[in-house]
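Trainee: this one's structure only:
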C-alpha cells in the first residue's frame, strides 16, 4: 500500500463542471492519505461540497489523512452560502 499522499487538482471553472474526475480519484485513493487542491475552483457547487464532506468523514473515520488546500476566496464564499464556516476544511476542530 502506498503511504505517500495522493493529490488531486480540483478543476471547477463553473457550477456545472463534471465531478467524475474527483469521484474517480477518491475511489482510486481509498485507504490512502489524500489532498484535494482547490486552486482551480471558481465556485463550489453543493454537490461537490457534499462529496468532499462525505469523503472527509470516511477518511477520518478510518484514521487516514484528508486535506483540502488552496481554497480560493470565491470558494470560501460558496462555503459560507452553503452554511459552513469559510475555513471549514482548514480548521481541525470543525473538520
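Mentor: Yep, it's here. What you are looking at is a predicted structure, and each value in this text was computed from that prediction instead of being measured.
Trainee: C-alpha only now, for contacts and for neighbours.
Mentor: Fine.
Trainee: in terms of contact, does residue 62 touch residue 31 like I think?
Mentor: Yes - contact criterion C-alpha atoms under 8 Å: residue 62 and residue 31 qualify, at 7.5 Å.
Trainee: Looking at those two, which is more packed in?
Mentor: residue 31 (17 against 12; other C-alpha atoms under 10 Å).
Trainee: Checking the nearest residue to the more buried one once chain neighbours are set aside next. Helix, strand or coil?
Mentor: Spatial nearest neighbour of residue 31, chain neighbours left out: residue 64 (6.5 Å); criterion: C-alpha to C-alpha, 6 or more residues apart in numbering. At residue 64 the chain is in coil, as set by DSSP: H, G, I helix; E, B strand; the rest coil.
Trainee: I'd like the next helix or strand past the helix ranked longest in the chain.
Mentor: Using DSSP state H, we find that the single longest helix of the chain is helix 46-61. Following helix 46-61 in sequence order, the next helix or strand is strand 66-69 (DSSP states H and E).
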